[in-house]
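> Build me a model:
(chains A and B, ligands or ions: 2)
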Amino acid sequence: MIELKNVTKEYGEGENAFQALKGIELDIAKGEFISIMGPSGSGKSTLMNILGALDRPTGGQYLLDGQDVGSLDDEELAEFRNKRVGFIFQQFNLLPRTSVYDNVSLPGLYGGLPQLDRRVKEVLEKVNLLDKIQNKSNQLSGGQIQRVAIARALVMEPSIIMADEPTGNLDSKTSHEIMEILQDLHAQGNTIILITHETDIASYAKRQIRLKDGEIFSDSNNKDSDSKQ
Amino acid sequence: MKKIRLIIKLAVVGIITNKVRSFLTVLGIVIGIAAVIALLALGQGAQLAISSSINSLGSNLIGIIPGTTFRGPPGTSTNAEIGQREYDYINSATRFPTVSAASPVITDFATLRGAEEEIFAEVNGVNSNFTEIQSLELEQGRFFREADVAASKNVAVIGPDVAAELLSEIQSDEILGQELIIRNIPFRVVGLLKSRGSAGFSNQDLEVYIPYSTASTKVFNRDNYSQILISVNDAKLSDATVIQLEEKLSAFKGLELEDKDFTVYTSDDILATASTVTSIFTTLLASIAAISLIVGGIGISNIMLVSVTERTREIGLRKAIGAREGDILSQFLLESVMLTVLGGFIGIALGVLLAVGVGQLAGIQAQISFDIVALATSISALVGVIFGYFPAFKAAKLDPISALRFE
Ligand SMILES: Nc1ncnc2c1ncn2[C@@H]1O[C@H](COP(=O)(O)OP(=O)(O)OP(=O)(O)O)[C@@H](O)[C@H]1O
Ligand SMILES: [Mg+2]
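Ligands and ions are numbered 1, 2, ... in the order given. Purely as a prediction, here's the structure:
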């Protein structure tokens, strides 16, 4: 479903140019659960931004379902992010002073989703937060915030869910709760790409990719992940 | 629809959370709009008062005043004189068939004394047919008659405010026959006028009418008239009559038309002059309002730019979940319009208070119409759009990645 062909990303120009990604080759099939690990500065977020169409590669090709993402204009990229990708960030996931319901509705409002109300309640039920639906974002715990972010990522039924260190700010118990939700979503057939620093978080994923200095250093299947299910 | 509702909700939340800042931001708009409202309401009020007071003169009214510069009646003084000779000439029925009535007017201010009180008011010496020229209605008694004029009798017809000020202890049905001292000369009250209301700048109820013969020989001791007032049979004939009067009267005075030493005006002329004066006044105030609106708009621009910077991450997040440039643009535009319209509403309320307050002091009935309020609201919305556009555009163009990484 996802094909990256010799994707590069360069920041800056001339002498100050810095290659954050150096020719990434990557295929991801529908329904996969992938973790991307690597030291800080290795290019994980850069890669995810390209996969999520937040940024354009400097070189190479990115195909999603056969469509060349690099050829889309700004408007089409916005629609791509809205309909095909669901993002979960490490922090500042929610609009401040805004209710859970409104936060989760937002992608649907931008995308003009019919029967939004029903869908919002459906996804909030999935992350078990229906009882907090009217809470403002500052009336939630860190774990609850991440669950709202997951619900929002699900609203548009995207092709891929991308999580950039979703447990980076959480304690280990809450982290595992979040990971179990992601694992459930994977079991329901969602494609998930997870960025993390922590090996035990990465071990929830079936396939583990390691980046180093902008290159794929290893790409392996994880037998261990079955035991966690 | 839902999207708009959410955007409005978010904007309201933002405005409420930053109450003080929002208020300071819109202060310029508040002042500008208050000024707009106040000056329009007062301007329209003044205009209405002036035109109604002029209309109450009668629409088929013509006046002749001495001098060639139009200084406005009454009481224009100049070397060129108009007196009995000219009056008799105009008054001969055959000479000006369109003239239905004419009367001399000798206007001056004088001290009036009643039983105890003393006031200073306008006294008009006129002919007995004056009620045919100007619509004066009597509450009690009568206007003075031809015989009173012929005999230069000391009789007076007074306005209701004169009665109220000078003859307050007298029962209203005993006012007729009371004595009134004008410049130390005793007069007998023969009529009490109905109220005509205070119109704009002059109080029409505070006036006294006496026979012009008495005014000329006993009270003011002058032969020249302030003006001669004329009514025509038909308002349509007014312009033709003016031309006739100008031509014949100059010939009568032995002058070329272009050298004439008098001015013939109609009530329309006064109306036009008054309108020019009020519109100059209005333009002046409007420019002050415009300046404060521009200053207010710059304030809005500034605060919106601050808000865009503060909310860079929010904008990045919105873009990440699929907001298009147009979505962000319209959100910030709407916020700035809501701010300015809010300021506009406060300004409208303030302006109404101001207009009513100042109006009360100046004796003008402030006219607050739906049009004025709609205009003020549109202006404030327009200021929001114009001055909110650049910040909103900047927000819309933010790159999602740098916005998300912004610290
Ligand atoms: N806008 C930018 N301009 C210049 N260099 C950048 C920019 N964004 C990222 N980089 C550089 O690109 C490299 C990769 O950054 P990236 O954020 O992808 O790292 P990461 O693997 O996500 O690190 P971390 O684990 O700390 O989040 C880093 O060396 C970073 O300094
Ligand atoms: Mg990162």
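> what's the closest non-adjacent residue to residue 190?
With no chain named, the answer covers chain A. Leaving aside its chain neighbours, residue A:190 sits nearest to residue A:161 (5.7 Å; criterion: CB to CB, 6 or more residues apart in numbering or on different chains). All C-beta atoms are positioned from the backbone trio N, CA, C, and that covers glycine.
> not what I meant, chain B
residue B:155 (4.7 Å).
> And for the one you found, the neighbour number?
Neighbourhood size, residue B:155 [other CB atoms under 10 Å in any protein chain shown]: 23.
> go on, residue B:173?
When neighbours are defined as other CB under 10 Å, residue B:173 has 7 of them.
> same deal with residue B:288?
Applying other CB under 10 Å, we find 14 residues neighbouring residue B:288.
> now it, nearest residue through space, not along the chain?
Nearest-residue entry for residue B:288: residue B:35, 6.2 Å, with adjacent residues in sequence omitted and distances by CB to CB, 6+ apart.
> And for residue A:10?
By the measure of CB to CB, 6+ apart, the closest residue to residue A:10 outside its immediate chain neighbours is residue A:58, 4.4 Å from it.
> distance of that neighbour from residue A:21?
Separation of residue A:58 from residue A:21 (CB to CB, to the nearest Å) stands at 8 Å.
> Between the two, point out the one with more neighbours.
The neighbour count for residue A:58 versus residue A:21, taken as other CB under 10 Å, is higher for residue A:21 (27 against 15).
> That one looks like it's in a helix, true?
No: using DSSP: H, G, I helix; E, B strand; the rest coil, the secondary structure at residue A:21 is strand, not a helix.
> quick one: the helices in chain B?
Along chain B, counting by DSSP state H, helices occupy B:2-17, B:19-55, B:84-91, B:130-133, B:146-150, B:160-166, B:212-214, B:238-252, B:267-310, B:312-320, B:325-362, B:370-396, B:400-405.
> Save these as CSV, and put in mean pLDDT too.
Shown next, in CSV, are these (pLDDT from 0 to 100):
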stretch, mean pLDDT
helix B:2-17, 73
helix B:19-55, 81
helix B:84-91, 89
helix B:130-133, 89
helix B:146-150, 93
helix B:160-166, 88
helix B:212-214, 94
helix B:238-252, 89
helix B:267-310, 82
helix B:312-320, 91
helix B:325-362, 90
helix B:370-396, 93
helix B:400-405, 85
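> just so I know, which of these lies nearest residue A:76?
Closest of those to residue A:76 is helix B:325-362, at 12.1 Å (criterion: CB to CB).
> ok so, going back, is the residue nearest to residue B:190 in a bridge, and if so with what?
Assessed by DSSP bridges, residue B:155 has beta-bridge partners residue B:188.
> correct me, but it touches residue B:208?
No: Residue B:155 is not in contact with residue B:208 according to CB atoms under 8 Å; the separation is 10.7 Å.
> just to revisit the earlier point, I'd assumed residue A:8 was in contact with the residue nearest to residue A:10.
Yes: shown here, residue A:58 and residue A:8 form a contact pair, counting by CB under 8 Å, at 5.1 Å.
> Can you check which residues contact both of these two?
Counting by CB atoms under 8 Å, 6 or more residues apart in numbering or on different chains, residue A:58 and residue A:8 have no common neighbour.
> Can you pull the residues of chain A lying near ligand 1?
Applying CB under 6 Å from any ligand atom, one finds that chain A approaches ligand 1 through A:11-12, A:18, A:20, A:38, A:40-46.
> and with 5 Å instead?
Residues of chain A lying near ligand 1 by CB under 5 Å from any ligand atom: A:11, A:20, A:40-46.
> Go through the residues you listed and flag which are in helices.
Those of the residues of chain A next to ligand 1 lying in helices (DSSP H): A:44-46.
> Would you list the buried entries among the residues you listed?
When those are checked for burial by 16 or more other CB atoms under 10 Å in any protein chain shown, the buried set is A:44-46.
> about what we covered before: didn't the residue nearest to residue B:288 look like it was pressed against residue B:295?
No: counting by CB under 8 Å, residue B:35 sits too far from residue B:295 to count as a contact (11.8 Å).
> More neighbours: which of those two?
residue B:35 (23 against 14).
> Run through chain A and note the low-pLDDT ranges.
When residues are selected by pLDDT under 70, those of chain A lie in A:223-229.
> got JSON lines for the helices of chain B, with distance to ligand 1 too?
Compiled in JSON lines, the helices of chain B are given as follows (distance: least, CB to the nearest ligand atom, whole Å):
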{"stretch": "helix B:2-17", "distance to ligand 1": "28"}
{"stretch": "helix B:19-55", "distance to ligand 1": "31"}
{"stretch": "helix B:84-91", "distance to ligand 1": "93"}
{"stretch": "helix B:130-133", "distance to ligand 1": "88"}
{"stretch": "helix B:146-150", "distance to ligand 1": "100"}
{"stretch": "helix B:160-166", "distance to ligand 1": "81"}
{"stretch": "helix B:212-214", "distance to ligand 1": "95"}
{"stretch": "helix B:238-252", "distance to ligand 1": "80"}
{"stretch": "helix B:267-310", "distance to ligand 1": "18"}
{"stretch": "helix B:312-320", "distance to ligand 1": "13"}
{"stretch": "helix B:325-362", "distance to ligand 1": "20"}
{"stretch": "helix B:370-396", "distance to ligand 1": "19"}
{"stretch": "helix B:400-405", "distance to ligand 1": "7"}
